[in-house]
Every structure is written in structure tokens, then in C-alpha cells.
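> give me the fold of what follows.
(chains A and B)
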2 protein chains.
Amino acid sequence: MSRLTGGDPSLLRRINSAVVLHALRGADARTLTDLTRITGLSRPTVEGVVEGLIGTGLVVEAAPEEGEARRQGRPARRFRFRAEAGHLLGIEIGPHRVAALMSGLDGRIIGAGSRAVPETASADERLERVRAVVADVLRRTGVARGSLRAVGVGTPGIVEADGTVRLGTALPGWTGLALGERLRRSFRCPVLVENDANAAAVAEQWKGAATDSDDIVFVLAGLSPGAGSLIGGRLHRGFGGAAGEIGALHLLGQGATPETLLSTTDEPLHPLDEQAVAEVFALARKGDARAREAVDRFIQRLVHDVAALVLALDPELVVVGGWAAGLDGVLQPLREELARFCLRPPRVALSLLGEAAVATGALRLALDHVEEQLFAVEGTVTARR
Amino acid sequence: MSRLTGGDPSLLRRINSAVVLHALRGADARTLTDLTRITGLSRPTVEGVVEGLIGTGLVVEAAPEEGEARRQGRPARRFRFRAEAGHLLGIEIGPHRVAALMSGLDGRIIGAGSRAVPETASADERLERVRAVVADVLRRTGVARGSLRAVGVGTPGIVEADGTVRLGTALPGWTGLALGERLRRSFRCPVLVENDANAAAVAEQWKGAATDSDDIVFVLAGLSPGAGSLIGGRLHRGFGGAAGEIGALHLLGQGATPETLLSTTDEPLHPLDEQAVAEVFALARKGDARAREAVDRFIQRLVHDVAALVLALDPELVVVGGWAAGLDGVLQPLREELARFCLRPPRVALSLLGEAAVATGALRLALDHVEEQLFAVEGTVTARR
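Residues are numbered from 1 along each chain as shown, chains lettered A, B, ... in the order given. The predicted structure is shown next:
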């Protein structure tokens, strides 16, 4: 149980400051009278808090509204949140490409960039590509590197809290890489590394297919599927950060890998050969019987993996993303099979963010980190066993 | 965002009352001086709160310690928490038996009872058996029915928040049964109905194999396995209360049911025929090859189900309970297979509570409900987006 103490003036100031900032962020500009009404704080308190926020650069006086200026002798001063007081980056480091998104403190995207990277690239080569993309985005947006407040990164693998990749078989040299530490050399702000499917789950809830749900599973469908889940609106990472790493499910039971399932010859496909996979799907669409069978086997396996997740977690909504989501005929069988096997089948939707999901989620995680510092006042009064 | 208001005297009184009660519950008896020191509250505040608590019957003056009485002219008054001021019931309603546990407000078990019930019994017959067990426990403990503060119930199936069984194929007449409503006719206090595996998970963390972990999966291993999980110390029910209902997993993939897997003839076993299952396991121990194969198939399936849960949730600890947990050779293959297939294998332990797990968890849920009223003061000051 936390100790209960009397009034803490610095805590009170922080709360009041967060409340005023919150009210300012939700609108273009507000007068002191607006803020007094919205926050329930006294006029002198609001004045003091706004003055303090102007001092930190987070708030600035806005130009008076035109109508206002004409109507009265002396227009009321108006204040606005300075979204440009800081910037955030969301970075995806994937097998085939690296990508970056930039926003101000309001989360609105103001810059983007990406580069292809060979799946065989070493960790050093891949990180060099990341640095190039970031430099490019900074240059094109005209944002100074020192203005970055936090950087989020989404990448395949099990990621430790400090940003070390505990296990990441999809990218060469990834297992054991101190990714967070390596990237922190390029930035003076916090760098947060997250599993790619986890980041995508966060993104779909922020501005994708899951904005109306707090209990979702995001499936990054591909040859080696991954998944991320939100439970009650919070990212569920698992005890060791490995939740949703369902890629090993196919090793159980029948033991057939997706590469074998999708092959139309006796040789399995290469694990990351998306071109070959696309060809199999194209053949199936043209009516090739052997390709059709391969696709059916692949979808059946994906359905099995997703069903296992759904039975374990019971989400409200399953969002399917990753390259396999773009293929014909994935969604319908998934819905049918889930309805057959799940006691309470969830809704199933396609990702709305597509290729941008991972970087968008990484950006959101960076924004969460900064907002926690700016807006949150938690753990104050709670008495429980 | 919640509104921030000034001091609320009734809230403050509730907080102070909870804090004092909490301090009293942790010890045999305490003086006002003890309470002032422990809580940080003023002497007059403590005196007022204790007086109020005596009025509600939750606190009583204790006899002075013997040494204390001799040492001083007038011994300091001492107060203790009255665990006997209210009582709780934890009830299991299973396919083969109903059972009940009773405790005071401190959660210490003071009575228990159980009766066998045929797996073919109707819902009415089963509920009649529950009433008989409860009446028996009340009579033997001498506790008045009116002293019950809350009743927890654990039963197979997907249970709605109001205690209605949405789906419960293990017991005849269970699907659609308004179980909470039916039981509330017998009690004047709140009746909380929970899925049996969920209740068992709570129990193992309270006083079983998982007291040192907040991230656990409890597997109720049987012909139709169920599971319950705690994430960050909180029960994860799922969006529709169906989380962990992995019984349908075997319908995916190979399509073989446990009843088929365990059969040593061409006929599948009856879904709830534990006797037949025990015979197969006994035969296997004696070296019967066909029985050994059947057991291997069954264990392989259980391992698959548990692995799916572990991959989805990434718990720290898996606790295996239910009748299959008592059979030889379940734990070792489970550990080995999890180590093979899971990226970060969890610890695996046998249930310490065995048959008592479900009723114990139901009791804990009832106690949680009452403690929330007695001790918790939440949702007071929180400013977040």
C-alpha cells in the first residue's frame, strides 16, 4: 500500500500544469477564461500555469481571432499548444526495408522516408540504412536533430526492455544485438525498441482498423507470422516480451512449415521469398490446381495460428496485416474457420495502415513516452492491499 | 480525463478508515499509539476512525497483553480486526462433484464440504446438491446465513458478467443457465460466478504453486482442457469471458479429439469418463504398448494446447491442475516440448491445491469483492489523456 500524505505543492503544480496543457492540446487556441471554465481551476492558478508553460516553450500566445479583434476594444489573449516544440520519430527496421515517420508533439505526421534493404544485409548495413533514412527525413522536414524528444523502433524478434534483441531469426545478426544502445548513439533522446507486431497493434488502435476497440490481436501475416495484442487498451508484451510469437506453432502437431505448405514443388520456398509466394498466389488465381492446394494449405495454417491466439486471448477484434493480408482469399476463410472453432468468434478486419503500420506504431510509442512526461500524474492516492 | 476537485471530506474519511483497517488486519491487536505510528495519521483522527469501525462491527477492543497489564498501572487499550464480522463462501460446481469452502473476513478456511453428483445430473439436481452442501457447511460451522458477505462460484463454461453461463457443454443444461440469478435466491449477499479454470488460476496465486508470480497460466488438464491466466496479477477473462477456452484447439489441425487419442480400441472414450482414462494410464504403466501409445498421443495433444497458450501469452509460470495433472508422465514431456518450441519457455509446476483449487479461487474472488468495499479507495486523482 502506498503511504498517504497531505497536500504536496509541487505535485499539485504538476497536476494543474498537465490539466491546462491537456485542455490546450485539444483545441486551436484558448483564452484564460476558456481554460478557467474547462479546468475548474482559479484564474490566478491558470495564469501562473500558462506563464510557466510559455517558459518551457510548450505554449505560446496565439494571434487574436479576427472577429474578436473587431468586436472589442482589446481582444482577450489566446494561447495554443506548441506541437512544434518537439518532434518524434517512428522507425521500422524490417527484413526488406527500413522506414521512418516524423511528427510533432501532436502526433501529426510531417515527414516520411524509406529505403529498401536486402534481406541478407548485415546488422551494420541495416543500421547504416536506418541512419540514412533518418538523416533524409530530418533534412527534408528541416527539423533539427536536437528537437527530437523520443524515437520509437519496431523490428522483428523478442525485444528486451533495454532494447536488446533477445531472439530475432528473421534478420541476419539480429539475435543478441544491443539495438537500443546502438541507436542511442545517433540520438540524444530516449530510444524505445518494440517488437514489430506489437508496434503494429498499437498503430491500428491509434489510427487504423481498431480505433473502436481495446481488446485486439494484430496478426502480422507472412511466412513466419507474428502477433501483437492489446488487452484493455494496453500492450500485452508477456513476461519475457515473447507474447504472440506464434511462429513456432507450426512446429507442433503436423510439423509442416509454411515454406513447405506453400511450395508447389518438392522443395520448400525460401523463408523470406515473398516474390515466390506472390507467384504461387497468382498461379492459384489463374486456376492452377497445385498452386490452389498450396494456398489452401497455407491459409489453413494461418487460420490455425490465429485461432490459437483467439482461443487463448478472446479478443474483440482480430486485425490482419503484413504482406499475406494483401493476398486474395485470406479473410473469408479466416472468418469462417474462427466461427467454427471459437466459442465466441471475434470480428476480423484487414489492417488499414498496411505497410505503414509498424513505423506508425513505433511513432505512437515514442509519443506515449513523451506524453507521459507532459501529461500524466499517476500513482498519487491509492490505498489497496 | 477525470476532473480534479479539492478535498472531499467523506473520501478522506474513507481513505483513513481503510488505512487503519488495513493496519489492524495485519496483526493480532494494536494500540492507538501503534496505529498512529503505522498510518501517519494524527491521534484524534485514529481515535475517531477506530470508534467508527467499532460501530460497524469490523473492529473490537482486544484484551490487554498480560505483560502489559503487569508493567503499567493502566494498560493501553488494544484493538483487533474482527474476521468473524462476516463470512465468505467459495463454491465449485463441477461435472462430478460440488464443493464449498467457508472463511471469515481474513480468508482463513473454517469449514468445508463436498458431495458427488452424477455427470448426467440436470441443472436443477446439481443446484439442489449445491444448496445441500452449503446448508451442511453453515450448520457445521455454526455460521448464520445472514453473516455471508459474498459467495464466489467456479464452474466450467463461458460465464457472463451477470453470472449467466453463455456456453457450458461439460454439464447438462448449463448453456444459457442464469446461474448467478438462481443462486442469488439462496443468498442475500453478492454471488460472483467465474469460469472454473479462471478461479483455479486465482487460487494457485493466492495459496498454491504460483504465489511468487504475477504472470501465470493455469491449465485445467482433462479430456477437455481449459485454462485461466493472470496477467500482471490480474485475471484475464477476455473480451467475452472466453479467454483460455482452448478445448476447441484439437478441432483444428488433425481433428483428433482427446477421446479418440486416448482410446485403445476403435471407439472413442466417453468425454467425461475419467475411470476409463485412468484405466488406460494404468495399462500404460504396466507396459501395455497400445495404452502407452494412446497416452503418448494424449500428452502430445495436451502439450500442443499448452504450447499454443504459452506462445500467445508468454507467462512466467504454467501451473498444471485437473485430474490429468495427477497422472504420471505429464509434466516431464510438457517441460521438454515447451523448451523445444517456445522461444522463452516458462517454468512448469504442478498445482499445489489439487481438487481444492476451484473452490479456493471462488472463495478468493468473493474475498476480493468484500475487500474492495472495505479497503480500496481508487480512481481519486488521475490525470491522463
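> tally of neighbours for whichever residue of the stretch 251-385 of chain A sits closest to chain B?
Distances between the stretch 251-385 of chain A and chain B by Cβ to the nearest Cβ are smallest at residue A:314, namely 2.5 Å. Backbone N, C-alpha and C define where each C-beta goes, glycine included. Counted with other Cβ atoms under 10 Å in any protein chain shown, the neighbours of residue A:314 add up to 25.
> do residue A:298 as well
Residue A:298 has 25 neighbouring residues, counting by other Cβ under 10 Å.
> which strand or helix spans it?
Residue A:298 is part of helix A:289-313, with elements assigned from DSSP states H and E.
> which strands and helices sit next to that helix?
Helix A:289-313 is packed against strand A:216-220, strand A:226-231, helix A:258-261, helix A:274-285, strand A:317-321, helix A:331-341, helix B:289-313, with contacts defined by 3 or more Cβ pairs under 8 Å, 6 or more residues apart in numbering or on different chains; DSSP states H and E.
> highest average neighbour count across those?
strand A:216-220 (a mean of 30; mean count of other Cβ atoms under 10 Å in any protein chain shown).
> which outside residues touch that one?
Residues external to strand A:216-220 that are found in contact with it (Cβ atoms under 8 Å, 6 or more residues apart in numbering or on different chains): A:196-197, A:200-201, A:204-205, A:210, A:225-230, A:244, A:302, A:305-306, A:309-310, A:313, A:315-322, A:346, A:351, A:357.
> could you export that strand as CSV, CA atoms only?
Provided in CSV are the C-alpha atoms of strand A:216-220 (Å, rounded to 0.1, in the frame of the first residue of the first chain):
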residue,chain,number,x,y,z
ILE,A,216,-7.4,-6.6,-30.1
VAL,A,217,-5.0,-9.1,-31.7
PHE,A,218,-2.9,-7.9,-34.6
VAL,A,219,-1.6,-10.7,-36.9
LEU,A,220,1.5,-9.8,-38.9
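> from the chain's centre, how far out does it sit?
12 Å (Cα atoms, centre = their mean, to the nearest Å).
> again with stretch A:205-224
Its chain's average C-alpha position is 10 Å from that of stretch A:205-224, according to Cα atoms, centre = their mean.
> now the end-to-end length of that stretch.
The separation between the terminal residues of stretch A:205-224, taken as Cα to Cα, to the nearest Å, is 23 Å.
> kindly report the domain assignment for chain A.
A:9-81, A:86-202+A:358-373, A:211-351 (automatic domain parsing).
> who's in contact with the nearest residue to residue A:184 once chain neighbours are set aside?
Using Cβ to Cβ, 6 or more residues apart in numbering or on different chains and skipping residues adjacent in sequence, the residue nearest residue A:184 is residue A:191, 4.9 Å away. Residue A:191 sits next to A:150, A:151, A:152, A:153, A:163, A:180, A:183, A:184 when contact means Cβ under 8 Å, 6+ apart.
> from those residues, which ones fall inside helices?
Counting by DSSP state H, these place A:180, A:183, A:184 in helices.
> closest to residue B:25 among those?
Taking Cβ to Cβ as the measure, residue A:180 is the one of the ones in helices among the contacts of residue A:191 closest to residue B:25, at 43.4 Å.
> ok, and the closest non-adjacent residue to the residue of the stretch 251-385 of chain A closest to chain B?
In space, not counting the residues next to it along the chain, residue A:314 is nearest to residue B:238; the distance is 2.5 Å by Cβ to Cβ, 6+ apart.
> pLDDT score assigned to that neighbour?
According to the predicted model, the pLDDT of residue B:238 comes to 89.
> do the one 10 residues further on as well
The pLDDT attached to residue B:248 in the predicted structure is 65.
> with residue A:307 instead?
Among the per-residue scores, residue A:307 shows a pLDDT of 85.
> cool, and residue A:328?
The predicted local confidence for residue A:328 comes out at a pLDDT of 64.
> how about the residues of the stretch 101-250 of chain A by chain B?
The stretch 101-250 of chain A has residues A:158, A:166-167, A:215, A:227, A:229, A:231, A:236-246, A:248-249 near chain B, with proximity defined as Cβ under 8 Å from any Cβ of the partner chain.
> just the ones in helices from those, please.
Counting by DSSP H, those contribute nothing to helices.
> can you tell me which of the residues you listed are in strands?
Within those, residues falling in strands by DSSP state E are A:158, A:166, A:167, A:227, A:229, A:231.
> which pair in the residues you listed spans the largest distance?
The span of those, defined through Cβ to Cβ, is set by A:167 and A:231 at 22.8 Å.
> can you report how many residues neighbour the residue in the stretch 101-250 of chain A that chain B sits nearest to?
Nearest residue of the stretch 101-250 of chain A to chain B: residue A:238, at 2.5 Å (Cβ to the nearest Cβ). Residue crowding around residue A:238 was assessed by other Cβ under 10 Å; the count is 25.
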